[in-house]
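> sequence and predicted structure, then a few things I'm wondering about:
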Amino acid sequence: MIASERTVVRGLRAAEETPRRRRVDAWVVLSYALLTLGAAAMVFPFAWMLLSSFKPYREILSFSILPERFTLANYVEVVTGTAFPQWLLNSVIVAVGTTASVLFFCALVGYVLATLKFPFKNVIFILILSTLMVPTEMLVIPWFVMSAEYGWVNTYWGLMFPGLIPGFGVFLMRQFFQTLPRDLFDAGRIDGVSEFGLFWRIGLPLVGPGLAALGIFAFIGNWNAYLWPLIVGQRPEMRTIPVGISNFSGEAATQWNLIMSASSLAIVPVLIIFLIFQKQIIEGVVLTGVKG
Amino acid sequence: MTSTPPRPRRSLSLAQREALWAYVFLAVPIAFYAFIRFWPALQSFYLSLYTWHVDPARRTFVGLGYYRELLENPVFHQALKNTFMYAAITVPASMALGLGIALMLQAVGRGRSAFRAIYFAPYITPAVAIAWVWGWMYNYNYGIINTLLIEWYVFLERFGLERLAIDPQRFLTDPSLALVSVSVVVVWQQLGFQVVIFLAGLQGIPRIYYEAARIDGATPWDLFRHVTLPLLNPVIVFSVVITTINALQLFDQIVNINFTDQGGPLNRTLSIALYMYQEAFGRARLGYAAAVTVVLFAIILVVTLIQLRLTQRRVEY
């Protein structure tokens, strides 16, 4: 192709492309505009909650966007006037304890199902998966009957036992262990590594991303849980944060400044965790959502 | 190979050893699933056949009596109807918005992950506290939404355009509006989940399909209709099922957004889960409540089976 021809072709192509590129640019601009609008709608409730939480009661009832008189009194009242420190402690114990169990047992069961050979393996796996179809609502009544019988009501064990080995976690960890070559474990076995060592020292370090995703979900899920803690943690000192906040807000009636401080105390720590682990959390959702 | 040499005894015992260890590791999990998952699930069926009493000896067998009551009880019917309405509103709304936002996120370069994080944040925050925040925004007298509606009216009045104004609404106490108001909160909170998985799904579609279609003269709408949607199908099915099951189990938001009249006004926001809770723990009718949960289980089972059917079809093509 001679040079002049090439120039002509390039010119033609450019002429062809210009309108499309302009249209694409318009779409990008429109996207930015709409996304910003949407993002404002997502952020607004949080912002309004925080702003309201810093206002004195009088200001709550008169319309002002920013607090005219910024006060921390609401927070002081929520924290000192309630058992909030106790609820916080309860939530931490329940969420950390449950998460530790979820990580250990889901990984162990996932490992066994993915790498070991034994009779009834598929039956066991399908039975575990089938529990995913049973809604929590169906289990809370028998769990409560059981807890009343064994004295688990108003205990940490009572709050934690239903979520110790979720089927979803087993499924997730099995997926991760399946990607590891079986030779890896056979080699370890020949080198005299114990069966538990194969899981603990060889398998576990290789499924870090899976453990991270599972751990974060288990923690947040238990931190936010409401239905079961509401049923089993009846005494005020056994409430978790969601149950405590809910009761407190119900009693505060129209003192919305106090209710918004209480809500902030429940929401802000989760938002901070989210900001820190944003990448892992979103990757975890993608992992479990799209590939799972 | 025609003749298989006899397997050495040692390898056989290795296989047995492996199976033995597998069961040692599974001992605690199997006990957990048996006693905490399967036994209670079966017990729900059993409890639904008896009147409730703490002492098992004093429970009276009523057979399918509670199920017969469910067929006739108007409050349960309302709860059932509301629950289906929640699904019918929140599933399509969050799918459409989620897909739209994901498509826009794919178009923008800079700021994509920041936007994605902002949309996702509400999804992981406690629904209980979120419900109180929205309850405050929806407040009839002092809520920000009605305040803004009034400001809007005042603004329009200056130009003589009052007809364009919207009256302040009783978002949570107007029986015809309350369910929609709660649904808005649910969509707001779970939208980010849809955005994240749709965006991942979109990013998984090879560029080359779009380029090939474009060379064939496809318009942007053609691309969306004949490339994006079919290839996104598995993600869409998954997402529909997850949001449907979530909608069928709504509880936290409904209890807290209208705390003094839970499920109200006139039971118009009552969900199956809340109805079960009220019957079991408010009226101590655990047997009847167990029957309610059995019905909920059946509904969720049907949804899950439909999902299995749909996802299997995808594998074929």
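Nice, thanks for sending it over.

> so what's residue A:152 up against?
By C-beta atoms under 8 Å, 6 or more residues apart in numbering or on different chains, the contact set of residue A:152 is A:146, A:158, A:161, A:232. Using the backbone N, CA and C atoms, a C-beta is placed for each residue, glycine as well.

> in three-state terms, label it for me.
Following DSSP: H, G, I helix; E, B strand; the rest coil, we place residue A:152 in the coil state.

> who are the packing partners of the host helix or strand of residue B:291?
Assigned by DSSP states H and E, residue B:291 belongs to helix B:286-316. With contacts taken as 3 or more C-beta pairs under 8 Å, 6 or more residues apart in numbering or on different chains; DSSP states H and E, helix B:286-316 sits against helix A:136-150, helix B:39-47, helix B:65-72, helix B:229-248, helix B:272-277.

> compare the mean pLDDT across those and name the weakest.
Lowest mean pLDDT of these: helix B:229-248, a mean of 89.

> please enumerate the helices of chain A.
Counting by DSSP state H, chain A has these helices, from start to end: A:3-53, A:57-61, A:73-81, A:84-115, A:121-130, A:136-150, A:156-160, A:167-178, A:182-190, A:195-197, A:208-224, A:227-232, A:241-252, A:256-286.

> that older thread, tabulate the helices and strands packed on helix B:286-316 in CSV, adding columns for distance to residue A:208.
What follows is those, written out as CSV (distance: least, C-beta to C-beta, whole Å):
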stretch, distance to residue A:208
helix A:136-150, 29
helix B:39-47, 34
helix B:65-72, 48
helix B:229-248, 25
helix B:272-277, 36
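
> can I get the helices of chain A in CSV with mean neighbour count?
What follows is these, written out as CSV (neighbours: other C-beta atoms under 10 Å in any protein chain shown):
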stretch, mean neighbour count
helix A:3-53, 13
helix A:57-61, 15
helix A:73-81, 16
helix A:84-115, 21
helix A:121-130, 15
helix A:136-150, 20
helix A:156-160, 21
helix A:167-178, 22
helix A:182-190, 14
helix A:195-197, 15
helix A:208-224, 21
helix A:227-232, 22
helix A:241-252, 23
helix A:256-286, 21
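
> quick revisit: now, which of the contacts of residue A:152 sits nearest residue B:81?
residue A:232 (30.2 Å; C-beta to C-beta).

> and that closest one, what pLDDT?
Residue A:232 is assigned a pLDDT of 95 by the prediction.

> state the distance from the closest residue to it other than its chain neighbours to chain B.
Spatial nearest neighbour of residue A:232, chain neighbours left out: residue A:158 (4.5 Å); criterion: C-beta to C-beta, 6 or more residues apart in numbering or on different chains. The gap separating residue A:158 from chain B is 12 Å, by C-beta to the nearest C-beta, to the nearest Å.

> thought residue A:158 was touching residue A:233?
Yes. Here residue A:158 reaches residue A:233: they are 7.5 Å apart, a contact under C-beta atoms under 8 Å.

> picking up where we left off before, how about the helices and strands packed on helix B:286-316, which one is nearest residue A:33?
helix B:229-248 (24.3 Å).

> and for stretch B:291-307, what are the contacting residues?
Stretch B:291-307 has contacts (C-beta under 8 Å, 6+ apart) with A:133-135, A:137-138, A:141, B:41, B:44-45, B:48, B:66-67, B:69-70, B:76, B:80, B:237-238, B:240-241, B:244-245, B:248-249, B:272-273, B:275-276, B:279.

> show me which of the residues you listed are buried.
Those of those that meet the buried threshold are A:133-135, A:137-138, A:141, B:41, B:44, B:48, B:66-67, B:70, B:76, B:80, B:237-238, B:240-241, B:244-245, B:248-249, B:272-273, B:275-276, B:279, by 16 or more other C-beta atoms under 10 Å in any protein chain shown.

> for the residue nearest to residue A:232, give me its contacts.
Contacts of residue A:158 by C-beta under 8 Å, 6+ apart are A:147, A:152, A:232, A:233.

> switch to 6 Å and redo it
Contacts for residue A:158 were tallied using C-beta atoms under 6 Å, 6 or more residues apart in numbering or on different chains; they are A:147, A:152, A:232.

> quick one: which of those residues is nearest residue A:104?
Of all the contacts of residue A:158, residue A:152 has the smallest distance to residue A:104: 21.2 Å, by C-beta to C-beta.

> coming back round to it: let me have the helices of chain A in CSV, extended by distance to residue B:155.
Listed next are these as CSV, based on distance: least, C-beta to C-beta, whole Å:
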stretch, distance to residue B:155
helix A:3-53, 19
helix A:57-61, 22
helix A:73-81, 31
helix A:84-115, 41
helix A:121-130, 57
helix A:136-150, 47
helix A:156-160, 51
helix A:167-178, 50
helix A:182-190, 69
helix A:195-197, 71
helix A:208-224, 39
helix A:227-232, 44
helix A:241-252, 33
helix A:256-286, 25
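
> centre of the chain to stretch B:162-178, how far?
27 Å (C-alpha atoms, centre = their mean, to the nearest Å).

> who touches it?
B:138, B:140, B:146, B:149, B:152-153, B:156, B:181, B:258, B:265-266, B:268-269.

> quick check: buried residues in that stretch?
Using 16+ other C-beta under 10 Å as the test for burial, stretch B:162-178 gives B:168, B:169, B:170, B:171, B:172, B:173, B:177, B:178.

> how long is stretch B:149-165 end to end?
7 Å (C-alpha to C-alpha, to the nearest Å).

> narrow the buried residues of stretch B:162-178 to those in helices?
Counting by DSSP H, these place residue B:178 in helices.

> list just the nearest of the buried residues of stretch B:162-178 to chain A.
Lowest distance from chain A to these (C-beta to the nearest C-beta) belongs to residue B:168, with 12.5 Å.

> ok, now how distant is that closest one from residue A:264?
Separation of residue B:168 from residue A:264 (C-beta to C-beta, to the nearest Å): 26 Å.

> so which bits of the worst-scoring helix or strand of chain B on mean pLDDT are buried?
The helix or strand of chain B with the lowest confidence, counting by mean pLDDT, DSSP states H and E, is helix B:286-316 at a mean of 83. Within helix B:286-316, the residues that qualify as buried are B:286-297, B:299-300, B:304, B:307, B:310, counting by 16+ other C-beta under 10 Å.

> neighbours around residue B:114, how many?
Residue B:114 has 12 neighbours, counted by other C-beta atoms under 10 Å in any protein chain shown.

> quick one: it from chain A, how far?
Separation of residue B:114 from chain A (C-beta to the nearest C-beta) stands at 9 Å.

> next secondary structure after the strand or helix carrying that residue?
Here residue B:114, judged by DSSP H and E, is contained in helix B:112-124. Using DSSP H and E, the helix or strand that follows helix B:112-124 in sequence is helix B:127-138.

> how many neighbours does residue B:179 have?
Residue B:179 has 19 neighbouring residues, counting by other C-beta under 10 Å.

> what's the distance between the residue nearest to residue B:250 when sequence neighbours are not counted and residue B:59?
Leaving aside its chain neighbours, residue B:250 sits nearest to residue B:271 (4.6 Å; criterion: C-beta to C-beta, 6+ apart). Here the criterion is C-beta to C-beta. By it, residue B:271 lies 27 Å from residue B:59.

> residue B:69 too?
Taking C-beta to C-beta as the measure, residue B:69 falls 16 Å from residue B:59.

> swap in residue B:227?
Distance, residue B:227 to residue B:59, using C-beta to C-beta: 60 Å.

> check residue A:163 too.
Residue A:163 sits 29 Å away from residue B:59, going by C-beta to C-beta.

> higher neighbour count, the two?
Between residue A:163 and residue B:59, counting by other C-beta under 10 Å, residue A:163 is the more crowded of the two (22 against 17).

> per-residue pLDDT, that one?
95.

> ok, it touching residue A:99?
No. With contacts counted by C-beta atoms under 6 Å, residue A:163 stays clear of residue A:99, the gap being 9.2 Å.
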